Structures are given as structure tokens and as C-alpha cells.
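got a sequence here, can you build the structure:
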Amino acid sequence: VVTNCLISQVYDAGVTHQFNVPPNEGVKRYDQKNILYADNVIENCNYSFEWFLRAPKSNPSRMENVLVRDNICLDAGFGFCEERPDKGGAAHVKAWGGPGENRAVNCEIRDNAFWGAKDKAFDVGRGFALSGNCLGEHRRVVLCWGDSITEGMAMPQGKSYPACLQRLLGAGYTVLNSGDGGEDAVTICARQGALELRTSKEIRFGKGQDKVKIGDAADNGISTPDGRPLRLTAALGRQVPVNDLTIAGRRYRLKLENFKWNTATSPISYQAWLERVEGDEPLVLTSGTPVALASETASGTAACEIVLMGANGGWNNKVEDLIELYRKMINRRGPDGAYLAIVPYWYGFTSEQEQAFRRAFGSHAVLFREEAIRRGLAEEGLTPTDSDRSEMAAGRVPTSLLYQNKVDVHMNEHGYDFLAKLVFEQGRKLGYW
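The predicted model follows:
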């Protein structure tokens, strides 16, 4: 237990979990387990907390059951550590992600205050659950994950459900819209960090070469382990972009160029380029190298995460598969993390599937279809049409809340406004705001 300490002006890491297992020691274990850091102040260190354990692949050494809570961490990368010759990469929480490194298991970082990181607050990979941390300001972050429904397709700016939720929550909160049109449930899950991403091809940098083409809209060079290409239009300036990457412990930037557009927001083709931030030596990234997106760290700063996905597939029409993807995203928050699961509501999603969601997520489930039938039109000041009555009698969302017709998965401004009201109500019942 490390508690009530002041750690200040450290050249490298204020707290580090670190060891190099000698290759000649084979499977000898060097474990670090069951550690608590609480109520400390850590300031002016290059890393406030660091995880680094290098060992041969056959060696089982690891860092397990580490809890970091209720600490105040200030100005990572500023002070004495600025004398370092290797500039860049300062972070409050740094977990090295190269081959054989970062053997983190069940490491939880919650309810801390992280202020003033020179480069980034969090630079972590798998094995970490981050929740309830305050980053840089007192506004609490609510993070909405999804596809074009969350993005607010075809609606004017400010009419998506996250934008409506922002108005309901007020100035004490920042609601981030992480919806990206066209994504299936698997790649949304991967973009949040709950599923692994990897390079899908070999990537070669020549000496002095800063940028290489890695693919296009059909095969952009980054995919899930089962070969699904990550949809990369989130790099175009969404509120939770994916431009910054970490591959084999090195930082890169993703750039999309030479677009051809279908609509104002939907490119039908582009070129994907990978630009390195550090180094100029010849470099080969083999196919299958793990990739960590900047968007993965966003959930570490969120007071609550909200998930709505599945309209574009990725679950083989097996509701248990979709529920499992929701669970993977939710489990990154740790056992006490705040979340809401919006239950799919669209035409063809059965009442049996909806009940499976209700059983899986209980009071955390937001039942849009059911509530839309019961009170949606009245809440939005709408008079039911014949089509509305027909759809509600059949147990479906009234068409006056949908964008075009009864089979449309997208809503109009009334539908998004009502969904935001339901999310606000459910979060308030659970004590989230």
C-alpha cells in the first residue's frame, strides 16, 4: 500500500512497475501483485505511473491487481524531466506496449484527478480499466459510442441525441459524440478499446521516410483479429478522433487523403497514410502487430459511457453476440463504472431480443422502443397519425419519431430529443448526474 505520499520532480517515472527478466532465467517469475496507490500527490514527473515489464514470451511474469484511486497527479512532462534528451511521450499513466512488454492484468485506474499532461493523460493498452477520472478540468465527461444513429445522420448540427443530452446536463458536463456512420458493432467495440486491433499487412518505412500509404477505404491496413477493417472516417474531425496511434510502442499519426464523396459526410474512397512521429531509421511493422488508437484512452476520462450499436451488423443476428460486445465495452470501466446500454429498437429487432437485453443490463438498459410507444409522441408534443397508431399497435416505434419511414433505423429531431430525455432520466435514477 502506497498512500498519503508526495512524489515530486522525478526525471522519469514517479511510480513504476518495472523489471527486465534476463533471457537466461527462462520461466522464473517476477510478479507484482495486489498493490494499492491511494490519496497521493504526484507532480512534475515524466510519467506519474508507469508499467514496464520486459520478458521472453515463454516467461509468465506479470503485474496483476493494481488499483490506482483518489490520487492527484499534476503536470506530467514538466519540470526536471524536461532535461531528458528523449522528448515526447510524457503521460500521467504510461504502459509500454512493445513485444513482451506491459504484462498488465486487472489494473484499475479510477476517481483520480489528472491535470496538465504535456503529451497525453493516458497511454495504455489492454489490461486496464479506467473510469471516473477527472482530466484537466472539472467538467465531467459523458461519452456516447455508436454508428450513424449516435452521429445524428441527416440532422442539423445540434440535433443528435448526444447534443440534446448536452443541453439537458448543462455546463457541468461535456458530452462527446463518438458515433461514426457505417460502423458495425465489432469495429465500434475495437475503436473503444475493448477488442484488439492489428496491422493487416506489412508496413515498411525507408530511412528518412516519414509517411507511407497503408491502404484505402476497402482495406485501410488496420483490422480486428478476424480481419474486419476498421472504419477510419472517425479521423475526419469527430469529437473522439482516431488520428493518433501507438504501434509496437511507437507513436504514429493517421492521415486520410484524396477523398471522393458520396454525401457531405460519407466518403466512398480515400487513401490512408501512416506518418511516424519519432525516428527516421528503416522500420518494418509486420502484419498482425497490435495497434492502439487514441480513442481507446477517451473512456478513461469519462464519468459515464453510453453504447448504442448493431444497426450495421457485426453480430450475425445472434443477440447473445451483440450483448457480449456491449459487455466487453462496459467491462473496460471496471465493476463500478457508470454506463447505460441503449437497447436496439429498430424494425426487425424482436421483443425476445429486447428482453434478453433487459435481463443482461437491468436498470442500465434504456428501452427506447417501449417508452416511445408509451409516451414518446406526448413528450414531443406530437399528435399521433394513422401510421403512428398502426405502428404502435404492432409494437413498433411510431413513425413520427423516425427519419423517413417505419423501417428507418435513424430518427428525426423529435426521436433524438426523446432518446436524450430517456438517457437523462435513466442516468439520474442511477445517480450518475
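
correct me, but Met63 touches Asp31?
Yes: here Met63 reaches Asp31: they are 7.4 Å apart, a contact under C-beta atoms under 8 Å. For glycine as for every other residue, the C-beta is placed from the backbone atoms N, C-alpha and C.

who has more neighbours, these two?
Met63 (24 against 14; other C-beta atoms under 10 Å).

phi, psi of the residue nearest in space to the middle of the chain?
Centroid-nearest residue in the chain: Gln192, 2.6 Å away (criterion: C-alpha atoms, centre = their mean). Phi and psi for Gln192, reported as degrees, to the nearest 10, are phi -80, psi -20.

just Arg374 next, same as before
The phi/psi pair for Arg374 (degrees, to the nearest 10) is phi -70, psi -40.

that one and Arg231, how far apart?
35 Å (C-beta to C-beta, to the nearest Å).

which one's more surrounded, those two?
Shown here are Arg374 and Arg231; by other C-beta under 10 Å, Arg231 has more neighbours (22 against 12).

and the residue of the chain most remote from its centre, what's its pLDDT?
Centroid-distance maximum for the chain: Asp386 at 41.4 Å, with C-alpha atoms, centre = their mean. The model reports Asp386 with a pLDDT of 96.

and the end-to-end length of stretch 162-178?
9 Å (C-alpha to C-alpha, to the nearest Å).

what sits up against that stretch?
138-146, 150-152, 157, 160, 179, 191-192, 234, 238-240, 295, 298, 302-303, 416-417, 419-421, 423-424, 433 (C-beta atoms under 8 Å, 6 or more residues apart in numbering).

for stretch 394-409, same thing?
149, 153-154, 311, 345-348, 351, 368-369, 372-373, 376-377, 380, 382, 384-385, 387-388, 391-392, 410-412, 414-415, 418.

avg pLDDT for that stretch?
90.

may I see the buried residues of that stretch?
Arg396, Val397, Pro398, Thr399, Ser400, Leu401, Leu402, Tyr403, Lys406, Asp408, Val409 (16 or more other C-beta atoms under 10 Å).

for those, give me JSON lines that also has secondary structure and distance to Asp119.
Shown next, in JSON lines, are the buried residues of stretch 394-409 (DSSP: H, G, I helix; E, B strand; the rest coil; distance: C-beta to C-beta, whole Å):
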{"residue": "Arg396", "secondary structure": "coil", "distance to Asp119": "49"}
{"residue": "Val397", "secondary structure": "coil", "distance to Asp119": "45"}
{"residue": "Pro398", "secondary structure": "coil", "distance to Asp119": "49"}
{"residue": "Thr399", "secondary structure": "helix", "distance to Asp119": "49"}
{"residue": "Ser400", "secondary structure": "helix", "distance to Asp119": "48"}
{"residue": "Leu401", "secondary structure": "helix", "distance to Asp119": "44"}
{"residue": "Leu402", "secondary structure": "strand", "distance to Asp119": "44"}
{"residue": "Tyr403", "secondary structure": "coil", "distance to Asp119": "41"}
{"residue": "Lys406", "secondary structure": "coil", "distance to Asp119": "49"}
{"residue": "Asp408", "secondary structure": "coil", "distance to Asp119": "43"}
{"residue": "Val409", "secondary structure": "coil", "distance to Asp119": "39"}
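
farthest-apart pair in the residues you listed, please.
The largest separation in those, counting by C-beta to C-beta, is between Ser400 and Val409 at 15.7 Å.

that older thread, show me the contacts of stretch 394-409 that map onto helices.
Among these, DSSP state H puts Ile149, Ser351, Phe368, Arg369, Leu377, Ser387, Asp388, Glu391, Met392, His414, Gly415, Phe418 in helices.

confidence-wise, which of those residues comes last?
Out of these, that is Ser351, at 92.

give me the neighbour count for that one.
When neighbours are counted by other C-beta under 10 Å, Ser351 registers 10.

for it, which non-adjacent residue is closest in space?
Gly395 (6.6 Å; C-beta to C-beta, 6 or more residues apart in numbering).

check Val10 too.
Here the nearest residue to Val10 in space, its sequence neighbours aside, is Cys45; by C-beta to C-beta, 6+ apart that works out to 4.1 Å.

and the next element down the chain from the helix or strand hosting Val10?
Using DSSP states H and E, Val10 maps to strand 6-20. Sequence-wise, the next helix or strand downstream of strand 6-20 (DSSP H and E) is strand 32-38.

low-confidence stretches in the stretch 201-350 of the chain?
232-239, 241, 261-268, 300-301 (pLDDT under 70).

one step back: the contacts of stretch 162-178 in strands, which ones?
Applying DSSP state E to these, the entries found in strands are Arg140, Val141, Val142, Leu143, Cys144, Trp145, Gly146, Gly179, Ala302, Ala303.

could you dump those to a markdown table with neighbour count?
Listed next are these as a markdown table, based on neighbours: other C-beta atoms under 10 Å:
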| residue | neighbour count |
| --- | --- |
| Arg140 | 19 |
| Val141 | 21 |
| Val142 | 24 |
| Leu143 | 25 |
| Cys144 | 29 |
| Trp145 | 29 |
| Gly146 | 26 |
| Gly179 | 26 |
| Ala302 | 27 |
| Ala303 | 21 |
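
got the phi and psi for the residue nearest to Ser351?
phi 80, psi 30.

ok, so what distance separates it from Leu382?
Gly395 is 19 Å from Leu382, by C-beta to C-beta.

and for Arg276?
Counting by C-beta to C-beta, the gap from Arg276 to Leu382 is 54 Å.

between strand 32-38 and the strand holding Val10, find me the angle.
170 degrees (axes from the mean of the first three to the mean of the last three C-alpha atoms, to 10 degrees).

next, the buried residues of strand 6-20.
Under 16+ other C-beta under 10 Å, the buried positions of strand 6-20 are Ile7, Val10, Ala13, Gly14, Val15, His17, Gln18, Phe19.
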